[in-house]
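Undergrad: Could you work out the structure for the sequence below:
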Amino acid sequence: MSDTTEEESMKFEVLKAVAGDGPTARLGRLTLPTRPVLQTPNFLAITSRGVVPHLTPDTITRHGSFSGAYMAMEDLVEKSQKNVTKIPAVAKMPCYDGKRLHAFTCLPASVATILGPRRVPAVKAPIGNNDSSIQVFSSNGFQPLTNKAYIDLIATLKPDIAIPLADLAYSSTAASKKQGKGIVKMCERTEEWMEQLHKSLDSDELPASNTAIFAPTLPAPLPLQWHYLSRLSEDFLDKLSGLAVYDTSILPELERYPPLLPLPRLTLDAPSTPHDILRQISLGVDVFLLPFVNAVSDAGVAMSFQFPPPSPSPKSSPNDASILTTTTSLSSSPPPPQTTTTTNSTELLPLGTDLTFPANAASLDPLVPNCACHTCTAHHRAYIHHLLNAREMLAWTLLQLHNHHTMAQFFSGVRASLATSKAQFEQDCALFFKTYEPELPIGSGTRPRARGYHFKSELGDEKRNVVTWQLLQEGQQQAKTTQGKENFKALQGKVARDEADTPVVPGDDVDAAELVREGLGQVVIKSD
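TA: Have a look, this model is predicted:
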């Protein structure tokens, strides 16, 4: 990161584009007002309820490895059951520069704020969107967020980057489920909402707010959204600073719209592995959101890959591959059996190490050899292993620091490779695919307790949270038997009372509430 800039508007400069036909990888520099310059390709952290999971603002200031954080509007709005007109707390946050979102989340000045309508990945809504609003999943459940309200909140919160509303179902199969008229309707609604946003933004006030607008591109075939893309490149271009790409398969088609090519591209088509990141970089993506970083940390896994990958010594045997790389270093015990996979007699290296494995219990090695992150320089595997087994919150904090640092080094290596030549980048990508396993380790550790706003369970899904306190097997059976007897006795008593006449003088065991339930004082008039 370089020095903070005082420019009055966002700027993106393509430093070098890899030569070739169609979409290509490119080096760039994204400059946001009052924020450090972001060298691209790069990534942004993902927040939950306005906080990067397990990382406090002071920890980010001292050891953070990212220059921006993505926040969801659904994390910040609530509908009070007592007062439906209640203004969200974030909209009333006092601040000296008008950037209420940044002040509310207490992020360091070096971290840019990116505001979108929903989380990445988002929970699928039970009902669809309408012509004026989308469904968002707040802490009080699903509720509509109108385009007008969202535009007003953008003007009030003043994030560094804002992503307008798009008519999406936020499902992994949304594009395949929507056919014909459904996709056309999605494009028409999004175009209408973009037009409303364009009209509401004053050309003089937009630079003063230091908010850059990244227009969404939709997960739809080009023949169905060509008109929308044409409007972006012709009618809305003066208010746009970038593109928010929901489906990277549309990137090759952007060659048809030259005015959109210089804009930075933020992908919301979240990659699930480093291999997917490299593929999207090859398509021309500049900035990434990576949900798998938080998920891997929660699973107790320390990322161990690097780009370019290390070249093993020709004299070494396949069994020594883990010693020659930054993936495994267990001097006192053999590596866990799940860390390597053999394919066509070639041993693939794991993308990460599960620190809950017992072999780490006595290892004094860093998580990854030669890693310069705070976790690896100040702690060792045995300590993290102990913290994970004890379910200490510090375990996930240290893993987050390491994994975000690993991703920062990964993108730094990508930029260095791109700066060399196209051939070098392609060679490094091919070597990476041959060196590492295609999937990240699942992790066998117990994850932090999941919250209701993170997911919505479907019929037949297993419980996300393990029951902490429960009766022993004998106690469970005894409790069921006792409860069954009590229910049976209560049912017998109710049947007996229903069959008997109401006594003239109630007994001592009958209270007033029960008399009311039995109809005392009610007059029933029967008509002939």
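
Undergrad: Any chance of the backbone angles for the closest residue to residue 196 other than its chain neighbours?
TA: Nearest residue to residue 196 in three dimensions, chain neighbours excluded: residue 147, at 5.7 Å (CB to CB, 6 or more residues apart in numbering). C-betas here are computed from N, CA, C, even on glycine. Backbone geometry at residue 147, expressed as degrees, to the nearest 10, gives phi -60, psi -40.

Undergrad: and what of residue 411?
TA: phi -70, psi -30.

Undergrad: how much space between the residue nearest to it when sequence neighbours are not counted and residue 126?
TA: What sits nearest to residue 411 in space, not counting adjacent residues and going by CB to CB, 6+ apart, is residue 42, at 5.2 Å. Counting by CB to CB, to the nearest Å, the gap from residue 42 to residue 126 is 36 Å.

Undergrad: Which of those two has more residues huddled nearby?
TA: Neighbour count, other CB atoms under 10 Å: between residue 42 and residue 126, residue 42 has more, with 21 against 10.

Undergrad: Would you confirm that that one contacts residue 290?
TA: No: between residue 42 and residue 290 there is no contact, the gap being 10.7 Å when judged by CB atoms under 8 Å.

Undergrad: who's in contact with residue 296?
TA: Applying CB atoms under 8 Å, 6 or more residues apart in numbering to residue 296 gives the contacts 303, 352, 399, 403, 440-441, 443.

Undergrad: Give me the secondary structure label for it.
TA: Counting by DSSP: H, G, I helix; E, B strand; the rest coil, the backbone at residue 296 sits in helix.

Undergrad: what do you get for residue 277?
TA: Three-state call for residue 277 (three-state DSSP): helix.

Undergrad: ok, for it, nearest residue in space, not its chain neighbours?
TA: residue 271 (4.8 Å).

Undergrad: Contact partners for that neighbour?
TA: Contacts of residue 271 (CB under 8 Å, 6+ apart): 277, 279-280, 288, 290, 292.

Undergrad: Repeat that for residue 162.
TA: Applying CB under 8 Å, 6+ apart, the residues near residue 162 are 114-116, 154, 211-214.

Undergrad: next one: residue 243
TA: Applying CB under 8 Å, 6+ apart to residue 243 gives the contacts 214-217, 260, 263-266.

Undergrad: Same check on residue 438?
TA: 273, 275.

Undergrad: where does it fall, phi/psi-wise?
TA: Main-chain dihedrals, residue 438, degrees, to the nearest 10: phi -80, psi -20.

Undergrad: could you measure it against residue 265, distance?
TA: 24 Å.

Undergrad: And for residue 409?
TA: 22 Å.

Undergrad: who's more crowded, those two?
TA: More crowded of residue 409 and residue 265, by other CB under 10 Å: residue 265, with 28 against 20.

Undergrad: pretty sure that one is touching residue 288, no?
TA: No: counting by CB under 8 Å, residue 265 does not reach residue 288; the two are 9.8 Å apart.

Undergrad: in what helix or strand does residue 243 lie?
TA: Per DSSP states H and E, residue 243 falls inside strand 242-245.

Undergrad: Can you give the strand pairings for that strand, parallel or anti for each?
TA: Here strand 242-245 is paired, per DSSP bridges, with strand 212-217 (parallel), strand 265-267 (parallel).

Undergrad: can I get these in TSV with mean pLDDT and distance to residue 348?
TA: Formatted as TSV, the strands paired with strand 242-245 follow (pLDDT from 0 to 100; distance: least, CB to CB, whole Å):
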stretch	mean pLDDT	distance to residue 348
strand 212-217	96	34
strand 265-267	96	26
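
Undergrad: In the stretch 1-150 of the chain, mark out all the helices, start to finish.
TA: Listed in chain order, the helices of the stretch 1-150 of the chain (DSSP state H, counting those that start in this stretch) span 57-63, 100-105, 147-157.

Undergrad: Restricting to C-alpha, output the first one in CSV.
TA: This file holds the C-alpha atoms of helix 57-63, laid out as CSV (Å, rounded to 0.1, in the frame of the first residue of the first chain):
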residue,chain,number,x,y,z
PRO,A,57,-10.4,-2.8,14.6
ASP,A,58,-7.2,-2.4,16.6
THR,A,59,-6.1,-5.9,15.5
ILE,A,60,-6.7,-4.9,11.9
THR,A,61,-4.7,-1.7,12.4
ARG,A,62,-1.7,-3.6,13.7
HIS,A,63,-1.8,-6.8,11.7
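
Undergrad: What helices and strands are in contact with it?
TA: Applying 3 or more CB pairs under 8 Å, 6 or more residues apart in numbering; DSSP states H and E, one finds that helix 57-63 contacts helix 393-420.

Undergrad: after the helix it packs on, next one along is what?
TA: Counting by DSSP H and E, the next helix or strand C-terminal to helix 393-420 is helix 422-435.

Undergrad: buried stuff in that following helix?
TA: In terms of neighbour count (16 or more other CB atoms under 10 Å), helix 422-435 has its buried residues at 422, 425, 428-429, 432, 435.

Undergrad: Kindly report the same for stretch 262-276.
TA: By neighbour count with 16+ other CB under 10 Å, stretch 262-276 contains the buried residues 263-271, 273-276.

Undergrad: Kindly check the end-to-end length of that stretch for me.
TA: Taking CA to CA, to the nearest Å, stretch 262-276 runs 23 Å from one end to the other.

Undergrad: ok, back up a step: next, format the strands paired with strand 242-245 as TSV and append distance to residue 34.
TA: As requested, the strands paired with strand 242-245 are exported to TSV (distance: least, CB to CB, whole Å):
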stretch	distance to residue 34
strand 212-217	12
strand 265-267	19
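
Undergrad: how about those, which one is nearest residue 68?
TA: Nearest to residue 68 among the strands paired with strand 242-245 is strand 265-267; the distance by CB to CB comes to 9.7 Å.

Undergrad: so how far is the closest one off the chain centroid?
TA: 15 Å (CA atoms, centre = their mean, to the nearest Å).

Undergrad: Enumerate residues external to that strand that contact any of its residues.
TA: 114, 161, 163, 214, 242-245, 248, 251, 280, 284-289.
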